[in-house]
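S.K.: With the sequence up front, the predicted model follows.
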Amino acid sequence: MGQYIARRALVSIPVLLIASISVFAIVKATASPVAAIRSNPRVSQAAIEKYTHDLGLDKPPPEQYLTWLGNFIRGKWGTSIVTGRPVGPDIRDGLFNTMILGITSFLVSIVLGVGVGIFSAVRQYSFFDYLSTGSAFLGLSIPVFWFALILQIVFGLYLTNWFHLATPVLPTAGMFSPGATGIDLIDRIRHLILPVTVLSVQIVALYSRYTRAGMLDVLHSDYLRTARAKGLNERTVMMRHAMRNALTPLVSVAAIDVGALAGGLIVTETIFSWPGMGVLFISAMENGDYSVVLTWMMIVVAFVIVFNLIADILYAVLDPRIRYD
Amino acid sequence: MRTLRFVAVVASLLLVAVACGKEGGPSASNNAVTGGGGQNAGPLVLGAEQFPECLNPIDSCANASWEDWAVVDHVLEKAMTITPQGTFEATPLLTEAPTLANGDLTQNPFSVKYKINPKAVWDDGTPVTSKDFEFTWQAHMKTKGSIFTTGYDKITSVDTTDPHTAIVHYSQIYADWPDNFGGNTDYVLKAAAFPKGPDISGQVQTNIPFSDGPYKLTSFNKNELVLTANDKWWGPKPNFSPVTVVPRTDSNTEVTSLLSGEVSAIYPQPSVTLAQRLKSNPKVKYRVGGGSSYEGVWLNLAKAPLNDIKVREALFWATDREAVVNTIIKPSDPDAAVLNCAGWVPNVGPWCDNTQFANFHYDPNQAKSILTADGYKLGSDGIFAKNGQRLSLTFSTTTGNKGREDTEALLKEKWKAAGIEMVVKNYNSPSPIFTDILPKGNFQVAEYAQVASPDPGVTSIYACDQIPSAANQYAGQNFSFWCNQQATNVMKQSDLQLDPAKRLPLIKQVGAFVRQDLVWLPLYQKPLITAWRTDKIGGPIGAYNETGLGGFYNLYAWTKP
């Protein structure tokens, strides 16, 4: 296993390099930090040339890339070429905020998705099964941005007007109430409810389908019949024997999902004014701010690689037939 | 059970994380109202459509208008500012505006004397002095990545002999002098706040720790920024404090937040449905009007067939500007009208002659007559052709701008009725359309906007020496590739004229040249909207809606209802 992990870590280095070169080329080809400045009538050509020179944007692109890469390897993430802000703290804060939103949604989705999936499988063809199956297809079909806007209108406007409240039933944007001081846990949770709901709807739908299918595969298997014949109660049969096998595919999917969270939840973060990795990426990409985009990308790819590795390891842990030696 | 325990532990950790969220609530000091508060109207929350990412007023941060609108306009004072009528006037920082009449402007050599108000102090009580003007000039010139050097590069020295009088000497006459140390984007900086010298790069990116404006910035992060009243400000005291500005970068969320009362005012981009949504809440009021940005159909005069003035004239008759305004603008601004000025707008100074293009209205038959007289023949496909070349024009604008794309669709049909084919080829903005396509002349017809400044100089967009070329590394913004030496001479003459009364006829002459050569066709002024909750704010909100200073500029004067 140790060798396997070391091999995967080594393979990930060229992956990171290729990814960074590709992203650098895309950023350079599609956006320029000088473009917005050039379109400002108050900025003279002399000022544009000075700006370009001061920021090293007049150097050949390979030199710009190698300079960035050298600094990155030495742990110097530098400053944004557009905002002059240090890249490290911006990425750290963005990642933290995204993780709050993403992990909360993930936990809610796991609990609900697995619960609904198991119950549907155990009560196959019951009213609940049909209801959960229909709801899952609906959940998977709803566009995220549309659902978010509907929730904002319902909880921010309609219900508030309905109950004649002075403030919205649920806040429609932000991580906490404007001007709030100190830490108000209830306020933070209230601000999480709508974005988490939006994110969870699709994940719950997906996970419930995985769980239901996995459970149906094992429910009528011989080893469960044997477990029951040995006199184990139904709860133990389900929790200890059925779930372990049924959830193996879900575990690997979920581990990869957690890794992908680092990339941000662009639509949800934008709509709910949530300053996470998605918002950071969009802003940097639009401005051609390659110093931020490249660092962002390296972090995200690293997360994806690590969590893919975790998924593989978990797979082996849950299924003893799998060996990586 | 182990799984449940695991979930419980992770959930507990998450709750702690939620509570500690990065860049969370401001520190306790942020909530302290530090005086001011003339009317003591209490706190206020504003929504910002493009939340500023950084605050340096000299480098590329300053290219973002929202940096000024949300923060710097309220924290730092300008020398000269812009009135709602689009003219320059002195701020409370000066005792009076420099003019030729009072002798504070001298022509030969050109100098500007700023008489600093003796009451003007920074928030630590130290006076604003001529040294601060000198420092501001040097900061614009010496800061790494400085973008606003225009005008400052013509200053030779600042006389600081008298702390209350800054005499700025220029190497030549610079008619747009009010845009230095003030105007739309500039401010006076505090020299003592930068002990390392005038290169202020990287020093005020996330905080402006000094103020000579009505507010002080007490907190700035990606969740919000907080302004509190500056009790040392010598002007009228702000009524609302603290003022919290929060990002609302999604336009639907922005309006929902206003309607729900989470924010009390917004300054959104107009859209067809915006007015309708705002009207849905009786507690919400808005002011809409044409701003300083004007949209037009710009032509590449260097390329056939638009190098033929007859084709341009036919195209103008084939362009239904009334329909464009009715379809694109009137849903949000019912009072909007077709713009007819040749490079200015009616509400920014006296420079616009709004009759110059007024005779052009949609008349496809007139367009056809002109083309026929010019040797074009109508083909069987309904499109004119001459010497085997069909009259097919490429129309370019910025991808994703719905108003412009709708304009294209509308005009395509109108042009076709006049025998002119439109081929749409759009590009992303700002790159590559403003960095590559327009400067290199790789277009025929383009729709985009220009901004009218209180300074009426249009040399940068019309003069012969502003035509981009490989020789000048595609510098200059004369994307029409129009060169009329007579017109250029008048523009240059106007740029040296300090007396607005004497400058006016020169500007009108330039406009007449633009009209005569049919350089471009104005469409409309882009509307601007300030919307607010009447249960939270009284007045005079919206007074600066149509200026480049934005809807929040006079925040200090807003009152409770």
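M.R.: Yep, that arrived.
S.K.: Chain B contacts on the stretch 101-250 of chain A?
M.R.: Within the stretch 101-250 of chain A, the positions adjacent to chain B are A:103-104, A:107, A:110-111, A:149, A:152-153, A:156-157, A:160, A:166-168, A:171-176, A:178-185, A:188-189, A:192, A:239 by CB under 8 Å from any CB of the partner chain. No exception for glycine: its C-beta is placed from N, CA and C like everyone else's.
S.K.: so residue A:195 makes contact with residue A:101?
M.R.: Yes: using CB atoms under 8 Å, residue A:195 is in contact with residue A:101, at 5.8 Å.
S.K.: For the stretch 201-325 of chain A, which residues score under the pLDDT cut-off?
M.R.: A:264, A:324-325 (pLDDT under 70).
S.K.: Excluding sequence neighbours, find me the nearest residue to the closest residue to chain B within it.
M.R.: In the stretch 201-325 of chain A, no residue comes nearer to chain B than residue A:275, which is 3.7 Å away by CB to the nearest CB. Distance criterion CB to CB, 6 or more residues apart in numbering or on different chains; nearest residue to residue A:275, sequence neighbours excluded, is residue B:222 at 3.7 Å.
S.K.: repeat for residue B:167
M.R.: Going by CB to CB, 6+ apart, residue B:167 has residue B:159 as its nearest residue, at 3.8 Å.
S.K.: Residue B:130 is in contact with that neighbour, correct?
M.R.: Yes: judged on CB under 8 Å, residue B:159 makes contact with residue B:130 at a distance of 7.3 Å.
S.K.: shared neighbours of the two, anything?
M.R.: B:165-167 (CB atoms under 8 Å, 6 or more residues apart in numbering or on different chains).
S.K.: Just the buried ones from these?
M.R.: In the shared contacts of residue B:159 and residue B:130, burial by neighbour count holds for B:165-167, counting by 16 or more other CB atoms under 10 Å in any protein chain shown.
S.K.: Kindly indicate which of the residues you listed lies nearest chain A.
M.R.: Among those, and counting by CB to the nearest CB, the member closest to chain A is residue B:166, at 21.5 Å.
S.K.: Okay, and the beta partners of the closest one?
M.R.: residue B:114 (DSSP bridges).
S.K.: which ones are touching it?
M.R.: Counting by CB under 8 Å, 6+ apart, residue B:166 has contacts B:113-114, B:116, B:130, B:133-134, B:158-160.
S.K.: looking at the residues you listed, which has the most residues close by?
M.R.: Each of these was scored for neighbours by other CB atoms under 10 Å in any protein chain shown, and residue B:133 scores highest at 27 neighbours.
S.K.: residue nearest the centroid of chain A?
M.R.: With the centre of chain A defined as its mean C-alpha position, the nearest residue by CA atoms, centre = their mean is residue A:261, 1.9 Å away.
S.K.: picking up where we left off before, so, if you compare the contacts of residue B:166, which one comes nearest to residue B:329?
M.R.: residue B:114 (40.0 Å; CB to CB).
S.K.: wait, isn't the closest one in contact with residue B:94?
M.R.: Yes: using CB under 8 Å, residue B:114 makes contact with residue B:94 at a distance of 5.9 Å.
S.K.: list residues touching both of these two?
M.R.: Shared contacts of residue B:114 and residue B:94, counting by CB under 8 Å, 6+ apart, come down to residue B:79.
S.K.: Find the residue closest to residue A:223 in space, skipping its chain neighbours.
M.R.: Nearest to residue A:223 is residue A:241, by CB to CB, 6+ apart, at 6.8 Å.
S.K.: and the one you found, that's in a helix?
M.R.: Yes: assigned with DSSP: H, G, I helix; E, B strand; the rest coil, residue A:241 falls within a helix.
S.K.: ok, it to residue A:215 distance?
M.R.: 11 Å (CB to CB, to the nearest Å).
S.K.: If you count surrounding residues, which of those two has more?
M.R.: More crowded of residue A:241 and residue A:215, by other CB under 10 Å: residue A:215, with 23 against 18.
S.K.: quick one, what contacts that one?
M.R.: Residues in contact with residue A:215 (CB under 8 Å, 6+ apart) are A:117-118, A:121-122, A:242-243, A:246.
S.K.: Include distance to residue B:518 and secondary structure when you put these into a markdown table, please.
M.R.: Formatted as a markdown table, the contacts of residue A:215 follow (distance: CB to CB, whole Å; DSSP: H, G, I helix; E, B strand; the rest coil):
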| residue | distance to residue B:518 | secondary structure |
| --- | --- | --- |
| A:117 | 69 | helix |
| A:118 | 74 | helix |
| A:121 | 74 | helix |
| A:122 | 78 | helix |
| A:242 | 80 | helix |
| A:243 | 77 | helix |
| A:246 | 75 | helix |
